[in-house]
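Chemist: model the structure of this input:
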Amino acid sequence: MIAILGASMISVILTISFVGILPSETLAQGTNATNTTNATSTANATSAGAGEETTVVMPLGSSAATSGAGYEPSEVTVSPGATVIWNNKDNALHTATSGESPTPDGKFDSGIVGANQQSKPVTMPTEPGEYKYFCTLHPFLQGTIIVQ
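Modeler: Residues are numbered from 1 along each chain as shown. All right, here's what the predicted structure looks like:
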C-alpha cells in the first residue's frame, strides 16, 4: 500500500512538473522577428547594436559529428554588449560556451539548452574582438562571435 501510494505521489509530482514546463516551452519558442531573420544559414549575420538580440540555431542533427550540421550561422557579428540567444532545434542537449574547444575561457556561456528549447539571452563581451565558442557536450560543434 505504501509503495503504491509512493509511486502515485511520484507520478503526480512528475505530471505537475511537466505541466509547469509547457507554458515556458511555448514562450521560449518566441515570436520575435529577430528569431526568424537572424536564424538563417548565412555565413555572417549582423546585430544592430547593444540591446538587440541575435539568434543562432543549433540545427537538428548537430549532435552527430558526421552530420556536417553546425551552429547556424557559424559566425555572427554583434555590437559590444549585445545579446545572443541559442535556439536548439536538435533532439540533444547543447551549450554555447566561449573558448577554444575543449577549454572554456569564461567570457560567456549559454548553460545547457534543452532539446527544442532556447537559451536565455546571453550578453556578449563589450571588448571588440573575435570570440570562439563550442558545445561542451559536442566539442566538434564550434562557432564564432565577432564583437565590433
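Chemist: please make it C-alpha for all contacts and neighbour counts, starting now.
Modeler: Fine.
Chemist: identify the residue nearest residue 140 in space, chain neighbours excluded?
Modeler: Take residue 140 and drop its neighbours on the chain: the residue closest to it by C-alpha to C-alpha, 6 or more residues apart in numbering is residue 65, 6.5 Å away.
Chemist: sec struct for that neighbour, please.
Modeler: Of the three states, residue 65 takes coil according to DSSP: H, G, I helix; E, B strand; the rest coil.
Chemist: domains in the chain, by residue range?
Modeler: Using automatic domain parsing, the domain ranges for the chain come out as 1-30, 34-147.
Chemist: looking at this structure, which helix or strand is least sure?
Modeler: helix 33-37 (a mean of 34; mean pLDDT, DSSP states H and E).
Chemist: for residue 139, see how far away residue 126 is.
Modeler: Spatial separation of residue 126 from residue 139 under the definition C-alpha to C-alpha, to the nearest Å is 25 Å.
Chemist: which one of these two has more residues nearby?
Modeler: residue 139 (18 against 13; other C-alpha atoms under 10 Å).
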